[in-house]
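Engineer: Show me how the following folds:
(2 chains)
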Amino acid sequence: MRAWKSLLPFVLGLPVLWLIQLWAPPQIAIILVNIGVNVILAVSLNMVNGFTGQFSLGHAGFMAVGAYTAAKITLAFGESASVSPLVWNNGVFFIALLAGMGMAAFMGLLVGIPSLRLRGDYLAIVTLGFNEIIRVLIENMSWLGGATGISGVPPYTSLIWVGLGVLAAIVTARRLLLSTHGRALLAIREDEVAAEAMGVDTTGYKVRAFVLSAAFAGLGGGLLGHYILLVTPKSFTYVKSIEVVVMVVLGGMGSISGAVFAAVLLTSSLELLRGVDQYRMVIYSLLLVVLMLSRPTGLFGHREVWDFAKSWRRKRAEALS
Amino acid sequence: MRITRFAAVVLALSLPVQSAFAADGKILVGVIGSLTGAEATFGQSTRNGVELAASELNAKGGVKGKTFELKVYDDQGKPEEAATAMTRLVAQDKVSLVIGEVASSRSLAMAPIAEANKVPMITPSSTNPRVTKEGGKVRQYVFRVCFIDPFQGTVMAKFAKNDLKLSKMAILRDVGNDYSMGLAQYFTEKFKALGGSIIADESYKAGDQDFKAQLTALKGKKPEAIYVPGYYTDVALIARQARELNMNQPMLGGDGWDSSKLYEIGGSAMDGHYFSNHYSTDDPSPAIQNFVKKYKAKYGEMPDALAALAYDALFIAADAMGRGGDAGGDALRRALAATKGYKGVTGVITIDGDHNAVKPAVVLKIAGRAPHYAATVRP
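Structural biologist: Numbering: from 1, shown residues only, chains lettered A, B, ... in the order given. Got it, this is the predicted structure:
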């Protein structure tokens, strides 16, 4: 029953995504892709920064790992003469995205095991360091295109792929939050010592959340690279990591709907302000300051959209009785 | 409730506002640059250069009675933002031409969009060969008005042989850097072809602090001059250590030297050396002095090479439009590809088969901790 319910969003979402794909003109499509990728990044970072209360600043590093892995794989497969391109391209892309996620998850494990024994600010510094190491390593590897990156990446990303990625990230995050695992993560966030005293394997849970989060960052990177047809280290600086952290904090630490909403709001507001040239960064930053001052716990706090629905239903029941 | 209303407003605002086509008698030109971010000066110089060119062209009545109108978008120095801005320019604003970007990584994000939508794009200053030629295939709609990196090696070899009358040279190159390796390779080929000989070839890695071992080896061979196509930080240290070893040969380099830091670190050890660059504000040619004067009057600062190249980019486009490409698209692409001997600020420009600009480079001589115009070298 439960497993079936998790598949429901995909079954319902697919025709909708297909219609959007048919409708969207290119200038809207690229914005929707940017929004979708940012939603995937924010929701996945929320698993670490929000649910677990650990401060990670290396999300763009995992994105880079996923993007480069996926791009290398799709380029290696190339085009097929015998199989229809629809099947071949999407099949190759699926494998590439999975591999990108796997590689990013593996990197997450490598970084997570030693550093998640640390608490608080230390993790932020270690992950920030990881982000920079990945970027500098890539810049100095000529088989990864050096500082310019890999160009000529095939155009496999469609709005359907991005939409499915967004759904996968949200469903995974929600299922995680509602599971025993999620409860343990919340316990770690609220009081790590108390959680440990209650028998929660704190490091183990933190590492698993971190690995899952890294995998989705890799997915975001793979999707972005196959849309702008270029994978370059300049896309994955720590500035990108900070942008994602801003989305999580603005949405409300630990709120999935908050992360989604903040990612949509911040990405689309930058696009709407395009007309005002360099002043848009001033307006954008001002917007952040005002929002954080008026809602210091983030737009949603710890709450979710479905919580509102629940309380509304309860209120109505009370009013009726 | 408050949140739903807020969301509704955001949604309403994000609906596409279909901009009208450029009114008759106007040519809409898109400009993409990094107006904010770490490389903000790049984008601002580019925008200033194009703006100056547009105002001059419009004052003269434009091209075939049509005036230029610019649409400038910021990309914050991010490749994905450059791609978004490019998509918006071609799909929503329907520009007939795009000028940008400075950095090759951002031009590379824009180039596939130009190709797919058949909108010509001119990058004023991206020097990476891949921008106009991907995997052995020339991109039909992408052009550049600057020379590509390796060309500077050829130029410097000519200058060394013909102007400085040198015949025995040594090379000191940065092995971890495509730019340095490319310049060194083309320098060697041209210098040998002109009858000179390379008597020593040493290498270093960017970030090294001690170059005495390589310099001592070079000193023993007694070259007349040393070609060091690296970046300014390493070059400045190399020059200082060479002077400490009493090596007084001139050193030659490329535009990687072009930074005020070169003189800060290198000090007086830099005097007497030469490097190639895109253009020089000291160049006595009237075209350049005229441009410098107009730019200073309008923006209150000296134009850098990026501004000059952006200025040339729009003028070359106007020239191509005047030759029959004013409809944009395929006609403009053909006219651009046929550009020959156009006299711009940064030299006489011809577009070659790979859509690169074939044009002269300037050589600057360092004296008194500042570069001075020494010569113009034709390809």
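Engineer: could you pull out the helices for the chain?
Structural biologist: No chain specified, so I'll use chain A. A:2-23, A:26-46, A:59-77, A:85-115, A:121-139, A:159-178, A:180-190, A:192-197, A:202-228, A:238-251, A:256-272, A:279-294, A:305-320 (DSSP state H).
Engineer: oops, chain B please
Structural biologist: B:2-14, B:40-59, B:79-87, B:104-117, B:151-158, B:178-193, B:212-221, B:232-244, B:261-266, B:286-299, B:305-320, B:329-337.
Engineer: contacting residues around residue 172?
Structural biologist: Chain wasn't specified; assuming chain A. Shown in contact with A:T172 (CB atoms under 8 Å, 6 or more residues apart in numbering or on different chains): A:212, A:216. Placement of C-beta: from N, CA and C, glycine included.
Engineer: my question was about chain B
Structural biologist: Applying CB under 8 Å, 6+ apart, the residues contacting B:L172 are B:202-204, B:211, B:214-215, B:218, B:226-228, B:230, B:238.
Engineer: give me that answer again for 7 Å
Structural biologist: By CB atoms under 7 Å, 6 or more residues apart in numbering or on different chains, the contact set of B:L172 is B:202, B:204, B:214, B:218, B:226, B:228, B:238.
Engineer: ok, now A:V193?
Structural biologist: Contacts of A:V193 (CB under 7 Å, 6+ apart): none.
Engineer: Check the one 3 residues further on too.
Structural biologist: With contacts defined as CB under 7 Å, 6+ apart, the neighbours of A:E196 are A:T202.
Engineer: which one of the helices of chain B lies closest to A:A105?
Structural biologist: Closest approach to A:A105 among the helices of chain B is made by helix B:79-87 (23.2 Å; CB to CB).
Engineer: Centre of the chain to that closest one, how far?
Structural biologist: A distance of 20 Å separates the centroid of the chain from that of helix B:79-87, by CA atoms, centre = their mean, to the nearest Å.
Engineer: ok, now stretch B:262-271?
Structural biologist: The answer for stretch B:262-271 is 24 Å, by CA atoms, centre = their mean.
Engineer: what does it rub up against?
Structural biologist: Under CB under 7 Å, 6+ apart, the answer for stretch B:262-271 is B:232-233, B:235-237, B:239-240, B:243, B:366-370.
Engineer: and the stretch 1-150 of chain A, which of its residues are near chain B?
Structural biologist: A:25-28, A:30-31, A:34, A:140, A:146, A:148-149 (CB under 7 Å from any CB of the partner chain).
Engineer: who in chain B is up against chain A?
Structural biologist: B:10, B:13-14, B:16, B:35-36, B:72-74, B:78-80, B:83-84, B:87-88, B:91-92, B:104-105, B:108-109, B:112, B:128, B:130, B:134-135, B:176, B:178.
Engineer: which residue is nearest the middle of the chain?
Structural biologist: In the absence of a named chain, chain A is used. A:L41 (1.6 Å; CA atoms, centre = their mean).
Engineer: not quite, I wanted chain B
Structural biologist: Short answer for chain B (CA atoms, centre = their mean): B:S125, at 2.9 Å.
Engineer: Phi and psi next, for that residue.
Structural biologist: Per-residue torsions, B:S125: phi -150, psi 20 (degrees, to the nearest 10).
Engineer: My read is that it contacts B:A307, right?
Structural biologist: No: with contact defined as CB atoms under 7 Å, B:S125 does not reach B:A307; the gap is 9.8 Å.
Engineer: Can you give me the neighbour number for the residue nearest to B:D174 when sequence neighbours are not counted?
Structural biologist: Ranked by CB to CB, 6 or more residues apart in numbering or on different chains and with sequence neighbours excluded, the top spatial neighbour of B:D174 is B:S180, at 3.8 Å. Neighbours of B:S180 under the rule other CB atoms under 10 Å in any protein chain shown: 27.
Engineer: Next: A:A76.
Structural biologist: Around A:A76 there are 9 residues (other CB under 10 Å).
Engineer: Equivalent analysis for B:A305, please.
Structural biologist: So B:A305, with other CB under 10 Å, has 22 neighbours.
Engineer: So it sits against B:Y279, correct?
Structural biologist: Yes: at 5.5 Å, B:A305 counts as touching B:Y279 under the criterion of CB under 7 Å.
Engineer: Quickly list what B:K26 is bridged to.
Structural biologist: B:T67 (DSSP bridges).
Engineer: Name all residues that make contact with it.
Structural biologist: B:K26 makes contacts with B:66-67, B:69, as judged by CB under 7 Å, 6+ apart.
Engineer: Distance check, it against B:A317.
Structural biologist: For B:K26, the distance to B:A317 (CB to CB, to the nearest Å) stands at 14 Å.
Engineer: Show me how chain B divides into domains.
Structural biologist: Per the record, chain B has its domains at B:12-147+B:286-359, B:151-277, by automatic domain parsing.
Engineer: so where's the chain uncertain?
Structural biologist: As the question left the chain open, I've gone with chain A. By pLDDT under 70, the low-scoring segments of chain A are A:1-3, A:277, A:321.
Engineer: think we crossed wires, I meant chain B
Structural biologist: For chain B (pLDDT under 70), the answer is B:1-24.
Engineer: one more time with 50, if that's ok
Structural biologist: For chain B, the stretches flagged by pLDDT under 50 are B:1-4, B:6-23.
Engineer: Tell me who's in contact with residue 149.
Structural biologist: With no chain named, the answer covers chain A. By CB under 7 Å, 6+ apart, the neighbours of A:G149 are A:230-233, B:105.
Engineer: wait, chain B
Structural biologist: B:127, B:179, B:182-183.
Engineer: List just the nearest of those to chain A.
Structural biologist: Closest approach to chain A among those (CB to the nearest CB): B:Y179, at 9.6 Å.
Engineer: Take the contacts of B:L172 and lay them out in TSV including distance to A:F77 and neighbour count.
Structural biologist: Output for these, formatted as TSV (distance: CB to CB, whole Å; neighbours: other CB atoms under 10 Å in any protein chain shown):
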residue	distance to A:F77	neighbour count
B:E202	42	19
B:Y204	39	22
B:Q214	44	20
B:L218	48	23
B:I226	47	25
B:V228	43	29
B:I238	45	24
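Engineer: wait, which of those residues is closest to A:L212?
Structural biologist: B:Y204 (44.3 Å).
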